[in-house]
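Engineer: Got a predicted structure plus its sequence, pasted below:
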Amino acid sequence: MSEDIKKTINELHIYEKKLLKELEANSEITPEQIAENTGMDIKSVMSAAGSLASKDIIEVDKEVQKTYSLTDDGLEYAQKGLPERRILKVLADKKEISMKDLASEAGIDKKETGIALGWLRQKDWAQIDKGVLRITEIGNEFADKAGIDEKVLDYLQANADGVKLFTDDLIDGFKKLTGRKNILNIKKETSHSFKLLPKGEEILKVGFTIQEQATQLTHQQLKDGEWKNLQYRPYDINAEAPTVFAGKKHPLRVIIDEIREIFLDMGFVEDNGEYVESAFWNFDSLFQPQDHAAREMQDTFYLKNPLTCDLPDDDLVKLTAETHETGADTGSVGWQYDWSEDIARQSVLRTHTTGISTKHLFEHEPPIKMFSVGRVFRRETFDYKHLPEFHQVEGLVCGPDISYQNLLGVLKEFYKKLGFEVRFRPAYFPYTYLSTESEIYLEEKESWIELGGAGMFRPEVLRPLGIDQPALAFGMGIERLAMIRYGVEDIRMLYKSDINWLREVPLDNGVRL
């Protein structure tokens with residue numbers, strides 16, 4: 001006896017063994033007979049058969065037998081004739097009928113009229129012209145001939161118990177009837193037969209004992225020692241198990257929660273802000289000139305309702321205006337233009353989360369460690385790497401003696417917790433100086449990828465807010481990080497309801513160090 005056969009026999013369930021013994025005694029036995037002989041229910045028999053078939057021990061053949069009979073509508077058509085036939089019979093005599101008189105002339109109801117007209121046009125027996133139904137030459141030809149579908153109706157009526165097979169001459173008519181609704185009853189009867197395969201014959205030749213096997217132990221069996229005398233069914237630890245798709249967070253939510261946890265572990269507090277913001281906080285507070293290209297309609301969503309927002313503290317507005325126009329006492333010459341309160345009042349969908357940082361600076365006393373994670377909106381064209389709505393994360397630290405070196409240290413720690421090696425290169429942003437871009441290393445691509453920007457807030461940003469201490473800020477797009485982490489080439493995939501992709505995204509992404 002081979003080890004494979006021995007292993008297979010040891011792993012057979014008692015129901016599988018009973019089924020094999022029945023097949024050994026009678027190779028033509030049915031599932032119903034097996035159920036009766038063994039005391040198993042039919043469901044257990046079929047389950048055991050499926051298991052044996054998966055192990056190439058037996059073969060299961062399935063045969064579906066259909067029986068056709070007439071419905072109540074079908075019986076009525078068999079007695080009175082099909083609706084189109086009744087109309088054709090009247091047309092053969094009158095040649096044409098006004099549509100308003102059709103139902104009464106042919107003795108059919110409104111429901112049958114619609115069905116009949118469809119079949120008359122399909123068979124080209126009649127045509128409608130200006131509210132009049134006229135018989136065609138083909139209709140005249142078939143008016144006195146019994147149709148093959150009518151012969152099927154007669155055949156089914158004569159065999160009230162149902163018909164399983166049709167003769168060749170009735171097949172075409174049967175197909176026509178199956179194209180109609182509410183004429184035929186179709187009853188399906190499924191039967192199964194089993195056949196021993198060579199592996200099954202070898203198992204029976206070796207032989208086995210049918211004995212109840214324990215799959216679970218009770219407290220009482222352990223207590224009284226009965227477990228020592230039980231026979232246990234072996235388990236194949238290498239057997240395939242069904243795939244279970246557990247409920248889990250959306251991939252974007254996983255990353256957002258991870259980032260939030262990192263910031264909280266580093267001692268930051270969270271601020272959320274509002275989706276609808278004034279142009280003052282979204283642009284002006286960041287020393288972005290009012291004629292800057294980013295403020296144009298093609299880059300920013302401006303709202304009609306509300307059309308404007310209230311401006312903050314008068315002193316803050318006045319200092320912001322002076323800084324834009326002349327630089328005030330920041331050591332800058334400003335942008336040299338006339339700053340407008342009307343433009344600053346415009347309502348926008350926030351284009352970034354940095355406005356949350358400036359508002360937080362104005363409303364809180366240093367030292368400050370704040371972060372925000374939220375949606376932002378820009379008038380972008382949909383493509384594989386751009387969306388008009390996406391997520392940004394922002395970090396802010398303000399306090400005495402904060403320097404550019406502190407900025408790099410915070411960034412290194414932040415990206416380390418995300419699982420990335422990071423390096424920095426000089427960059428330019430309108431509201432920070434010094435400024436830098438963070439690049440992370442991707443081993444699978446053997447390259448550095450830019451992931452976020454950072455810098456020290458300029459005096460032109462801080463002075464109007466009443467902040468006389470240095471502040472660092474950094475941020476990045478979360479969708480960009482998600483694309484890197486999950487190997488997504490098209491950003492739109494993150495928002496598609498692709499259940500297969502969502503199921504395949506692992507719970508543990510394996511990126512964090």
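Structural biologist: On my side now, so go ahead. Numbering: from 1, shown residues only.
Engineer: What about Gly475, how many residues nearby?
Structural biologist: 21 (other CB atoms under 10 Å). To be clear about C-beta, it is placed using only N, CA and C from the backbone, and glycine gets the same treatment.
Engineer: Same check on the one 4 residues further on?
Structural biologist: Using other CB under 10 Å, Glu479 has 22 neighbouring residues.
Engineer: For Ala160, grab the count of nearby residues.
Structural biologist: Neighbour number of Ala160 under other CB under 10 Å is 10.
Engineer: Before we go further, Ile449 is sitting in a helix, right?
Structural biologist: No: assessed with DSSP: H, G, I helix; E, B strand; the rest coil, Ile449 is strand; it does not lie in a helix.
Engineer: tell me the pLDDT at the residue lying closest to Pro83 once chain neighbours are set aside?
Structural biologist: Closest residue to Pro83 apart from its sequence neighbours, by CB to CB, 6 or more residues apart in numbering: Ala116 at 3.6 Å. With respect to pLDDT, Ala116 scores 76.
Engineer: quick one: contacts for Ile135?
Structural biologist: Ile135 sits next to Leu88, Leu91, Ala92, Lys95, Glu96, Trp125, Ala126, Ala143 when contact means CB atoms under 8 Å, 6 or more residues apart in numbering.
Engineer: Using neighbour counts, pick out the buried residues of the strand or helix carrying the second one.
Structural biologist: Meaning Leu91. If you go by DSSP states H and E, Leu91 is part of helix 83-94. Buried residues in helix 83-94, defined by neighbour count with 16 or more other CB atoms under 10 Å: Pro83, Glu84, Arg85, Arg86, Ile87, Leu88, Val90, Leu91.
Engineer: Show the average pLDDT along it.
Structural biologist: The pLDDT scores in helix 83-94 average 77.
Engineer: Could you check how far it is from the centre of its chain?
Structural biologist: With CA atoms, centre = their mean, to the nearest Å as the basis, helix 83-94 stands 54 Å off its chain's centre.
Engineer: can you give me the strands for the chain?
Structural biologist: Taking DSSP state E, the strands of the chain run over residues 58-70, 96-98, 126-129, 132-135, 184-196, 269-270, 276-278, 347-349, 368-377, 389-398, 422-426, 432-442, 447-457, 471-477.
Engineer: neighbouring strands for the shortest one, and are they parallel or not?
Structural biologist: Strand partners for strand 269-270, identified by DSSP bridges, are recorded as strand 368-377 (parallel).
Engineer: Dump the partner strand to PDB, keeping only the CA atoms.
Structural biologist: The C-alpha trace of strand 368-377 is given here as PDB (Å, rounded to 0.1, in the frame of the first residue of the first chain):
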ATOM      1  CA  ILE A 368       2.700  74.900  19.200                       C
ATOM      2  CA  LYS A 369       2.800  71.400  17.700                       C
ATOM      3  CA  MET A 370      -0.200  70.900  15.400                       C
ATOM      4  CA  PHE A 371      -1.100  68.700  12.500                       C
ATOM      5  CA  SER A 372      -4.100  68.400  10.200                       C
ATOM      6  CA  VAL A 373      -5.400  65.800   7.800                       C
ATOM      7  CA  GLY A 374      -8.200  66.700   5.400                       C
ATOM      8  CA  ARG A 375      -9.600  67.000   1.900                       C
ATOM      9  CA  VAL A 376      -8.600  69.800  -0.400                       C
ATOM     10  CA  PHE A 377     -10.100  70.800  -3.700                       C
END
